[in-house]
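Enquirer: my questions concern the predicted model and sequence given below.
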Amino acid sequence: MRTSTRRFSSRSLSAISRAKDELVDAEEFVEIFVDTPLEECMRRDPKGLYARAKEGKIKNFTGIDSPYEVPENAEIVIDTRQGTAETAAHRIIEALAERHIVA
């Protein structure tokens, strides 16, 4: 199961998608997009990586000076602006249970 975050570049998402298609049957794969706005990622960043990237100290940082590609066909989308991390986790488990992936 792939969880998409703001730290993947469009090149790596494309490579992951190709590898997934080659290695995993479609019914064995669920794409989950945890949608978090860039501003929120920056606010939550405990290591200060986004600030360092904005200062030019980290190059090719997704969302700052490297493009970000939103997944086109995520089966589960979690909007982190709504609810807590626990709520998001519960929604993911519920969606996986509906698909009979977890009990």
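Expert: That came in fine, so what should we check first?
Enquirer: C-alpha only now, for contacts and for neighbours.
Expert: OK.
Enquirer: look at Ile78 and give its secondary structure.
Expert: strand (DSSP: H, G, I helix; E, B strand; the rest coil).
Enquirer: assign the nearest residue to it once chain neighbours are set aside to helix, strand or coil.
Expert: The spatially closest residue to Ile78, leaving aside those adjacent along the chain, is Val34, at 4.8 Å (Cα to Cα, 6 or more residues apart in numbering). Under three-state DSSP, Val34 falls in the strand class.
Enquirer: Pro46 too?
Expert: Taking three-state DSSP, the label given to Pro46 is coil.
Enquirer: give me the neighbour count for it.
Expert: Per other Cα atoms under 10 Å, the neighbour tally for Pro46 reads 9.
Enquirer: same question, Glu94
Expert: For Glu94, using other Cα under 10 Å, the count is 15.
Enquirer: if we can go back for a sec, so how far is Val70 from the residue nearest to Ile78?
Expert: Applying Cα to Cα, to the nearest Å, the value for Val34 to Val70 is 10 Å.
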